[in-house]
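>>> output the structure for:
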Amino acid sequence: MQNKILRSAIAIAIAGMGTHSAWAQSSVTLYGIVDAGFTFTSNQAGQKAYQATQGNVQGSRWGLLGTEDLGGGNKVSFRLENGFSAETGAAGQAGRMFGRSAWVALTNSTAGTITLGRQYNSVQDYLSNLQINGVGALSQYANAVYDNDDLNNTYRTNNAVKYTTPTFSGFTANAMYAFSNTAGQFANNRAWSVGADYVAGPLRLDAAYSLVNSPATNTAGAAPSDNYFNTGSSIISNVKRNQVWGGGGAYVFGPATLALLYTNSRFDLLTGGSLRFANYEASVRYQMTPATLLTLGYIFTSQNSSAASAPDAHYNQLSLGGEYFLSKTTDLYLNGIYQRASGSAAWVEGIGKASSTSGQFVTVAGIRHKF
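Purely as a prediction, here's the structure:
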């Protein structure tokens, strides 16, 4: 009898799927990026470094993006995105299958979108539009020192629920809350963020704020300990509270785009004191020909510390890069980045080790293919 009921239920489900597909339009797209090249560093712990590197301009990835039109202005969508190393084949984001993104969303054309899962916070959603490597032809090495504002996606947010408004006269906003997922510790390793974006013709304006309480205290919470800042890649560790906010704008002048961005990051430490960073970014992108893109960027970072683990310091970083498009989906790139530090050793973001001096020069060349 139970087997008969089970067979009937399966038959009804299959029939329902067939009926559903007759009126609902759905699609699933496979996409990806493979980015690999060569990086030279003038000084890593006192030694020159010649390295095969990947994910230089964009992280190598493959993903599935699906949508289903439910009718009446409603649709459901999902994204499952895997990050990987094109040099070794290993999974990125601490070995996660879908470490870059894993979410499902419900959208109503007049009410907005609710998204649930592992995703980007509001700072990453909006301020990445203005960051130096986001605007132009520059690699991850052009980001702010230690990725202190998380615009190079040192961590993404788990257990997150995000609401995004529809776009009204060029204005869009969102808010996100991510749960600790630990019984009796509601505020431990939780996060929230808000942000907004305004686009009107050649003008773009963005602002955002994010806060994480007790990040990296476990792997269950919003900012998991196996995918957060650590002393292997920065001076940031043992964080009790992490706050980031910022804003800026961009303007398009014919083939040129000028962008300005300010971000402010604060890390209150479990060991006492805090690390505070203020990043001032300016960049210009110039589409010299349909196949050639050039970008120049500059970042000044002020590091103020009340922690015993790090002194006050500041950093000047200049980046120059170009891309040549062999097709709509394939390009070659070449970047040069120089950082000069005062009060600390230089350490270009994304480079494995700090310089033994106050200066560090990085050049990277490679190929990127999108599919």
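>>> ok, residue 144 - how many residues close by?
For residue 144, the tally of surrounding residues (other Cβ atoms under 10 Å) stands at 26. To be clear about C-beta, it is placed using only N, CA and C from the backbone, and glycine gets the same treatment.
>>> and it, what is it in contact with?
Taking Cβ atoms under 8 Å, 6 or more residues apart in numbering as the criterion, residue 144 is in contact with 151, 263, 277, 279, 281, 299, 301, 317, 349.
>>> okay, and the beta partners of the spatially closest residue to it that is not a sequence neighbour?
Once flanking residues are discounted, residue 144 sits nearest to residue 279: 4.5 Å by Cβ to Cβ, 6 or more residues apart in numbering. Assessed by DSSP bridges, residue 279 has beta-bridge partners residue 263, residue 301.
>>> my guess is residue 279 meets residue 303, correct?
No - with contact defined as Cβ atoms under 8 Å, residue 279 does not reach residue 303; the gap is 9.8 Å.
>>> re the thing from before, can I get the contacts of residue 144 in JSON lines including pLDDT and distance to residue 106?
Below are the contacts of residue 144 laid out as JSON lines (pLDDT from 0 to 100; distance: Cβ to Cβ, whole Å):
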{"residue": "151", "pLDDT": "96", "distance to residue 106": "28"}
{"residue": "263", "pLDDT": "98", "distance to residue 106": "31"}
{"residue": "277", "pLDDT": "98", "distance to residue 106": "37"}
{"residue": "279", "pLDDT": "98", "distance to residue 106": "35"}
{"residue": "281", "pLDDT": "97", "distance to residue 106": "35"}
{"residue": "299", "pLDDT": "98", "distance to residue 106": "38"}
{"residue": "301", "pLDDT": "98", "distance to residue 106": "40"}
{"residue": "317", "pLDDT": "98", "distance to residue 106": "41"}
{"residue": "349", "pLDDT": "96", "distance to residue 106": "36"}
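>>> tell me the one of the residues you listed nearest residue 183?
Distance to residue 183, by Cβ to Cβ, is smallest for residue 151 among these, at 33.1 Å.
>>> nearest residue to the closest one other than its sequence neighbours?
residue 131 (4.8 Å).
>>> quick check, pLDDT for the spatially most central residue of the chain.
Centroid-nearest residue in the chain: residue 153, 3.6 Å away (criterion: Cα atoms, centre = their mean). At residue 153, the pLDDT value in this model is 95.
>>> phi, psi of the nearest residue to it once chain neighbours are set aside?
Spatial nearest neighbour of residue 153, excluding adjacent residues (Cβ to Cβ, 6+ apart): residue 124 at 6.4 Å. With angles defined as degrees, to the nearest 10, residue 124 sits at phi -70, psi -40.
>>> number of residues surrounding residue 124?
Residue 124 has 23 nearby residues by other Cβ under 10 Å.
>>> do you know how far it is from residue 310?
24 Å (Cβ to Cβ, to the nearest Å).
>>> same thing with residue 127?
24 Å.
>>> which stretches of the protein have low pLDDT?
Along the chain, segments meeting pLDDT under 70 span 1-24.
>>> do that again at 50, thanks
The model of the chain has pLDDT under 50 over residues 1-22.
>>> before we move on, the earlier item: wait, the residue nearest to residue 153 touches residue 150, no?
Yes - Residue 124 lies in contact with residue 150 (Cβ under 8 Å); the separation is 6.5 Å.
>>> one step back: for the contacts of residue 144, give me TSV that also has neighbour count and distance to residue 337.
Formatted as TSV, the contacts of residue 144 follow (neighbours: other Cβ atoms under 10 Å; distance: Cβ to Cβ, whole Å):
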residue	neighbour count	distance to residue 337
151	26	15
263	26	18
277	24	18
279	24	15
281	27	13
299	25	10
301	23	14
317	26	7
349	25	9
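>>> from the residues you listed, which single one is nearest residue 52?
Out of the contacts of residue 144, the member with the shortest distance to residue 52 (by Cβ to Cβ) is residue 349, at 18.9 Å.
>>> ok, now how distant is the residue nearest to the closest one when sequence neighbours are not counted from residue 132?
Once flanking residues are discounted, residue 349 sits nearest to residue 143: 4.5 Å by Cβ to Cβ, 6+ apart. Distance of residue 143 to residue 132, given as Cβ to Cβ: 7 Å.
>>> buried ones in the strand ranked longest in the chain, by neighbour count?
Ranked by residue count under DSSP state E, the longest strand found in the chain is strand 25-44. Within strand 25-44, the residues scored as buried using 16 or more other Cβ atoms under 10 Å are 33-37, 39, 41-44.
>>> what's next to the helix or strand that comes right after it, contact-wise?
Beyond strand 25-44 on the C-terminal side, the first helix or strand identified by DSSP states H and E is strand 47-54. Defining contact as Cβ under 8 Å, 6+ apart, one finds that strand 47-54 is touched by 35-42, 60, 85-87, 352, 364, 366.
>>> and the helix or strand residue 298 falls within, what does it pack onto?
Residue 298 belongs to strand 292-305 when assigned by DSSP H and E. On a contact count with 3 or more Cβ pairs under 8 Å, 6 or more residues apart in numbering; DSSP states H and E, strand 292-305 meets helix 132-135, strand 274-289, strand 313-325.
>>> got the CA positions of that strand in CSV?
Extracted in CSV, the C-alpha atoms of strand 292-305 (Å, rounded to 0.1, in the frame of the first residue of the first chain):
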residue,chain,number,x,y,z
THR,A,292,42.0,49.0,-26.1
LEU,A,293,41.2,50.1,-22.6
LEU,A,294,43.7,52.0,-20.3
THR,A,295,43.3,52.8,-16.6
LEU,A,296,45.2,54.9,-14.1
GLY,A,297,44.5,54.7,-10.4
TYR,A,298,45.8,56.2,-7.1
ILE,A,299,45.1,55.3,-3.5
PHE,A,300,46.2,57.0,-0.3
THR,A,301,45.5,55.0,2.8
SER,A,302,45.9,56.3,6.4
GLN,A,303,46.2,53.6,9.0
ASN,A,304,45.6,54.7,12.6
SER,A,305,46.2,52.1,15.4
